[in-house]
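[1] what's the 3D shape of this:
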Amino acid sequence: MEDTLALIAFAIGIFGTVFGIYKHFKNPQTELEKNQIKTDKELEDKASLLSQKEVQGKAELLAQQVQWEKEANEKRFCDMHILLKDAMSLAENHVHTVDTKVDKLCENVNNMGIEIAKLATTISERIPRKE
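    This next block holds a predicted model:
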């Protein structure tokens, strides 16, 4: 029985040694895999964060460009409004000038008509008709 107990103790010792060696090599490998997964996840999070910041930066730049374009358009429309206002004022002045000149011309034509009628009357009175 002593031999059996010694054999069992020896088998347990061998089994413990093998298990210890197995555990010694397996635990670092498992820990290394866990660390690798953790590192990969951290890198993925950092890459995701960087891409979000990049997208946010592009969005801010685009928003700034849109704002500048909006301000430029507003300035152009204000300038166009001023030019149109000046053009309308100039056109109104020209229309008024032309209107005044046409009125004066009508008055002169009417006066000439009256003068022509007077002349026709004077001529017909002084020069008798030939019969």
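
[2] mind checking the SS state of residue 130?
    Per DSSP: H, G, I helix; E, B strand; the rest coil, the local secondary structure of residue 130 is coil.

[3] so, low pLDDT: which residues of this structure?
    When the per-residue scores of the chain are filtered using pLDDT under 70, the ranges that remain are 1-2, 27, 131.

[4] any idea which residue sits dead centre in it?
    Centroid-nearest residue in the chain: residue 66, 2.8 Å away (criterion: Cα atoms, centre = their mean).

[5] host element of it?
    Secondary structure here is read from DSSP states H and E; on that basis residue 66 sits in helix 2-126.

[6] ok now that helix, how far from the chain's centre?
    Distance, stretch centre to chain centre, for helix 2-126: 3 Å (Cα atoms, centre = their mean, to the nearest Å).

[7] the residue nearest to the centre of the chain and residue 72, how far apart?
    Remark: distance between residue 66 and residue 72 (Cβ to Cβ, to the nearest Å) = 11 Å. Where C-beta positions appear, they are placed from N, C-alpha and C, glycine not excepted.

[8] equivalent analysis for residue 119, please.
    Counting by Cβ to Cβ - residue 119 and residue 72 are separated by 69 Å.

[9] okay, buried residues for stretch 22-33 please.
    Of the residues in stretch 22-33, none is buried under the neighbour-count criterion (16 or more other Cβ atoms under 10 Å).

[10] CA-only coordinates of that stretch in PDB, if you can.
    Below are the C-alpha coordinates for stretch 22-33, written out as PDB (Å, rounded to 0.1, in the frame of the first residue of the first chain):
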ATOM      1  CA  TYR A  22       1.100  24.300 -18.900                       C
ATOM      2  CA  LYS A  23      -0.300  27.100 -16.800                       C
ATOM      3  CA  HIS A  24       3.100  28.900 -16.900                       C
ATOM      4  CA  PHE A  25       3.000  29.000 -20.700                       C
ATOM      5  CA  LYS A  26      -0.700  29.400 -21.200                       C
ATOM      6  CA  ASN A  27      -1.300  32.400 -18.800                       C
ATOM      7  CA  PRO A  28       1.100  34.700 -20.500                       C
ATOM      8  CA  GLN A  29      -0.300  33.800 -23.900                       C
ATOM      9  CA  THR A  30      -3.900  34.400 -22.700                       C
ATOM     10  CA  GLU A  31      -2.800  37.700 -21.000                       C
ATOM     11  CA  LEU A  32      -0.900  38.700 -24.200                       C
ATOM     12  CA  GLU A  33      -4.100  38.000 -26.300                       C
END
